[in-house]
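In: Sequence first, predicted model second:
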Amino acid sequence: MADPARAAKLADRIKVVVAQALERRIKDPRLGFVTITDARVTNDLQHATVYYTVFGDEAQQADTKAALDSARGILRSEVGKNITVRLTPTLEFVADEIPVNASHLEELIREAKKRDEELAALKQGAAYAGDADPYRRDDDDEEDLQDTPAEDSDARS
């Protein structure tokens, strides 16, 4: 089993090599605007997972996935030429879901801001149903205790 730091360095190198090979060597017309976002290597350095994003609709994403799958052997040989490992890791291409998740989170944040603005607008014209501060305080209790003995003395007279 290899050192995790070594696996991380190898993953970074694989990411760069695959991106350069896609740019220079692979001439598949199905390959759209693809960006290699990340790569991860198992600790035994046998398998590499390469994450990518594609700018375009679902048809272009499907075409890019097919192009990457068909170019897997060429890309693996490029990785083997450019890294110094006894065995070249197998490559697996996975569409990166981070942009989809980020857009979903942005939509949720916009919705929360919209609801906050609506609540602030309702708050502007609102009035309290009772006292502004319905809770007793220690100061109030002291005043009540000071008033009570004087009232009792008046009642006895």
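Out: Noted; the coordinates are in hand.

In: Might one say that residue 50 is in contact with residue 15?
Out: Yes - with contact defined as CB atoms under 8 Å, residue 50 reaches residue 15; the gap is 6.9 Å. Just so you know, the C-beta spots here come from the backbone N, C-alpha and C atoms, and that holds for glycine as well.

In: quick one: common contacting residues for those two?
Out: 36, 38-39 (CB atoms under 8 Å, 6 or more residues apart in numbering).

In: just those residues now: which is nearest residue 91?
Out: Nearest to residue 91 among the shared contacts of residue 50 and residue 15 is residue 39, at 8.9 Å by CB to CB.

In: and the closest one, how many neighbours?
Out: Neighbour count of residue 39, defined by other CB atoms under 10 Å: 24.

In: So it belongs to a helix, correct?
Out: No - under DSSP: H, G, I helix; E, B strand; the rest coil, residue 39 sits outside any helix and is assigned strand.

In: how close does it sit to residue 75?
Out: 11 Å (CB to CB, to the nearest Å).

In: Identify the contacts common to the two.
Out: residue 18.

In: what about residue 28, which SS state?
Out: Taking three-state DSSP, the label given to residue 28 is coil.

In: Now do residue 108 against residue 76, distance only.
Out: Residue 108 is 39 Å from residue 76, where distance means CB to CB.

In: Going by how many neighbours each has, rank these two and give me the top one.
Out: Ranked by neighbour count (other CB under 10 Å), residue 108 and residue 76 place residue 76 first, with 18 against 10.
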